[in-house]
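**Q** Sequence plus the predicted model coming up.
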Amino acid sequence: MERIESVAQMQRHCLEARAGGRRIALVPTMGCLHEGHLSLLREGRRRGDLLVLSLFVNPTQFGAGEDLDRYPRDLAGDSEQARRVGVDVLFAPSVSQMYPSGYASYVNVEGLTEVLCGANRPGHFRGVTTVVCKLFTIVQPHVALFGLKDFQQLAVIQRMTADLNLPVEIVGLPIVREADGLAMSSRNSYLSPAERRQAVSLSDAIALARGAVAGGETRPDALLQMVRRRIETEPDAVIDYVRICDAGNLQDVPYVDRKAVLLLAVHMGKTRLIDNSYLFEEDCLS
Ligand code: PAF
């Protein structure tokens, strides 16, 4: 496995690979790899013959007072996992490589980014789309893989890719969960043992809602009340949002159908957790 830190070198490497007929698969991450990332890398390995993993804790997607400084970093551990899963190139640029002095260009997707996570994290998705667009122009991937845990992020990236005619296939893969149902996330490492126990309330609440839908309930209000009640039994849980939205436009739905996704964001102590699921059994993504 090769490790590249320079943007120019990475771009040269990928342009040569493309010219040589290789199919490039990119898995963009902020590192601290867990089984969710590894599932993306394994699928990337199948879909490309040059597998690139980017590790970059992107400052432009963190708001003031968010966890940029304490975001978990483990380059040595990540390199070892990447090597084992068959990554060809680990791209780990510095902040000054990605955003050199004088940097002034940003990509903004309208509409999809003002709701849900965007409502309480202004500028977050602008940072995500900017860095992902830059990674696409640097790495020139044929296919890029993202986790469905960040459902809104995936929708925004799909919109950007279509709107800007970027020649990249976007693949979303199912959420990978711990044995008790908690969606895997690098931020789970922030949870105290008590918060970790309470964090299972998100996936429990999703299971309750899915069970009710399987039993015939299609009224969003009734389902949302059930979800809120379950989460609010936990002393350290503060709900940011609980919504049932259309998977395409992320607007609230009047009744639950196959396109309806339940999306949650909950503060568990100081840690903000997100989770989601389609509500119909046959559309289960995880
Ligand atoms: O999902 C993430 O880890 C990040 O938002 C991404 C897509 C790597 C952009 O920094």
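**A** Received it, and whenever you're ready, just let me know what you need. Bear in mind that the values here come from a model prediction, so they are computed numbers and not experimental data.

**Q** my guess is Asn249 contacts Leu112, does it?
**A** Yes: judged on Cβ atoms under 8 Å, Asn249 makes contact with Leu112 at a distance of 7.4 Å. (C-beta placed from N, C-alpha, C; glycine too.)

**Q** now the stretch 151-286 of the chain, which segments are flagged as low pLDDT?
**A** Applying pLDDT under 70 to the stretch 151-286 of the chain picks out residues 281-286.

**Q** who in it is up against the ligand?
**A** Proximity of the stretch 151-286 of the chain to the ligand, by Cβ under 6 Å from any ligand atom, involves residues Gln153.

**Q** Then the stretch 1-150 of the chain?
**A** Contact residues, the stretch 1-150 of the chain versus the ligand (Cβ under 6 Å from any ligand atom): Pro28, Thr29, Met30, Asn58, Gln61, Val128, Val131, Val132, Asp150.

**Q** Please enumerate the strands of the stretch 101-250 of the chain.
**A** 143-147, 169-173, 237-246 (DSSP state E, counting those that start in this stretch).

**Q** ok, the residue of the stretch 151-286 of the chain found nearest the ligand - contacts?
**A** At 5.8 Å from the ligand, Gln153 is the closest residue in the stretch 151-286 of the chain, using Cβ to the nearest ligand atom. Neighbouring residues of Gln153 by Cβ atoms under 8 Å, 6 or more residues apart in numbering: Cys117, Phe125, Val128, Phe146.

**Q** before we move on, what about Gln97?
**A** Contacts for Gln97 (Cβ under 8 Å, 6+ apart) come out as Glu5, Ser6, Val7.

**Q** Look at the closest residue in space to Gln140 that isn't next to it in sequence and report its pLDDT.
**A** Nearest non-adjacent residue to Gln140, counting by Cβ to Cβ, 6 or more residues apart in numbering: Cys14, 4.7 Å away. Listed pLDDT for Cys14 reads 98.
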